[in-house]
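[1] What would the 3D arrangement of this be:
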Amino acid sequence: MERGAGDCAVDAAAVVLCVRDPMKILLFGASGTAGGAVLQACLDTTVVKEVRVIVRRPLAWTEAKLWELVQTNYLDYAAVTEAFRAVDACLFCLGISVTQVSKEEFVKISHDYAIAAAKMLKTESPGAAFHYISGKGTRAESRTFWSKVGQTENELMELVGANCWRPGFIDAEPSASLPKVYAVLRPALRLLKPFHSLYVAGEDLGRAMLEATRENLRRRVIENAEIRELAERFGA
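    Sure, this is the predicted structure:
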């Protein structure tokens with residue numbers, strides 16, 4: 001039997017066997033709506049033994065397995081290299097709506113920050129998984145400005161074999177930066193729960209990312225219905 005990438009091994013019959021050892025996770029976007037829910041999922045499971053979060057400002061969390069690194073420059077991670085070292089996965093949940101910032105800032109956050117993080121991860125933890133949240137309806141070939149996210153997906157898959165996550169409505173506690181209309185619409189949007197292609201609980205998004213890491217899934221576009229399936233497998 002020989003070691004494959006990440007935490008899996010491959011036997012003579014080419015069957016992927018995933019090692020269930022506790023993982024070390026690097027997380028971006030912990031203060032956001034999706035990222036905060038993903039962080040909670042990581043903290044709530046024994047599958048994760050350490051969560052490293054890169055943040056602009058300290059979080060109001062007191063957890064033994066949480067390691068915060070304050071960083072203001074998301075284009076150069078030289079000052080926090082240790083955060084990327086010997087991790088099993090990077091969960092890149094950092095993002096913002098194109099309606100909230102200029103096009104230039106949107107590109108910087110959704111593309112430049114992610115590519116910089118992926119390059120550092122490739123150097124410090126070359127076998128680690130990279131998970132990037134884009135959103136339902138992302139298409140690189142689209143003529144809209146939103147297509148830039150699709151282009152980022154393609155670049156990340158080429159660079160680090162990233163999994164690109166396209167959730168529908170993420171049911172999670174709204175962050176301070178989220179438009180207030182989200183909190184108003186959240187109860188109504190919860191009516192989408194029976195529709196597997198449209199709704200996912202925030203913590204289930206985190207569980208799905210952890211399960212994809214355990215199963216050594218790579219270079220995949222993962223739509224909402226599969227996100228919910230992965231979350232179910234994690235809890236099985």
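[2] Where does pLDDT dip in this structure?
    Within the chain, the segments meeting pLDDT under 70 span 1-20, 97-99, 137-148, 176-179, 182, 236.
[3] Look at the residue positioned nearest the centre of it and tell me its secondary structure.
    In the chain, the residue lying closest to the centroid (CA atoms, centre = their mean) is Leu91, at 3.2 Å. Under DSSP: H, G, I helix; E, B strand; the rest coil, Leu91 falls in the strand class.
[4] Could you do the one 4 residues further on as well?
    Reducing the assignment to helix, strand or coil with three-state DSSP, the entry for Gly95 is coil.
[5] List of residues touching the biggest strand by length in the chain?
    The residue-count maximum for a strand in the chain (DSSP state E) belongs to strand 48-55. Outside strand 48-55, the residues that touch it by CB atoms under 8 Å, 6 or more residues apart in numbering are 22-28, 30-31, 39, 42-43, 59, 63, 65-71, 74, 77, 80, 83, 87, 210. Every C-beta, even on glycine, is put in place using the N, C-alpha and C of the backbone.
[6] Over to stretch 56-72?
    30-31, 39, 43, 48-55, 77, 79-80, 83.
[7] mind running it again at 7 Å?
    30-31, 43, 49-55, 77, 79-80, 83 (CB atoms under 7 Å, 6 or more residues apart in numbering).
[8] before we move on, back to that, Phe130 is in contact with the residue nearest to the centre of the chain, correct?
    No. Counting by CB atoms under 7 Å, Leu91 does not reach Phe130; the two are 8.6 Å apart.
[9] Overlap in contacts, the two.
    Between them, Leu91 and Phe130 share no contacting residue, judged by CB under 7 Å, 6+ apart.
[10] burial count for Asp21?
    Neighbour count of Asp21, defined by other CB atoms under 10 Å: 11.
[11] Tyr132 is in what secondary structure piece?
    Secondary structure assignment for Tyr132, by DSSP states H and E: strand 129-133.
[12] Mind checking what helix or strand follows that strand in sequence?
    Per DSSP H and E, strand 129-133 leads on to helix 147-160 as the next helix or strand towards the C-terminus.
[13] Pull out the buried positions in that following helix.
    Buried residues in helix 147-160, counted by 16 or more other CB atoms under 10 Å: Lys148, Val149, Gly150, Gln151, Thr152, Glu153, Glu155, Leu156, Met157, Val160.
[14] just the angle between it and strand 129-133, please?
    180 degrees (axes from the mean of the first three to the mean of the last three CA atoms, to 10 degrees).
[15] Restrict the following helix or strand past helix 147-160 to CA atoms and write it as CSV.
    Using DSSP H and E, the helix or strand that directly follows helix 147-160 along the chain is strand 163-166. Written as CSV, here are the backbone C-alpha positions of strand 163-166 (Å, rounded to 0.1, in the frame of the first residue of the first chain):
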residue,chain,number,x,y,z
ASN,A,163,-12.6,21.8,-5.0
CYS,A,164,-14.9,24.7,-6.0
TRP,A,165,-18.1,24.9,-4.0
ARG,A,166,-21.3,26.4,-5.4
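[16] Next, report how far strand 163-166 is displaced from the centre of its chain.
    Its chain's average C-alpha position is 8 Å from that of strand 163-166, according to CA atoms, centre = their mean, to the nearest Å.
[17] helices and strands around it, which ones?
    When contacts are defined as 3 or more CB pairs under 7 Å, 6 or more residues apart in numbering; DSSP states H and E, strand 163-166 packs onto strand 129-133, helix 147-160, strand 221-223.
[18] Note down every partner strand of the helix or strand following that strand and its orientation.
    Using DSSP H and E, the helix or strand that directly follows strand 163-166 along the chain is strand 169-171. Next to strand 169-171 in the sheet, as set by DSSP bridges, lie strand 199-201 (parallel).
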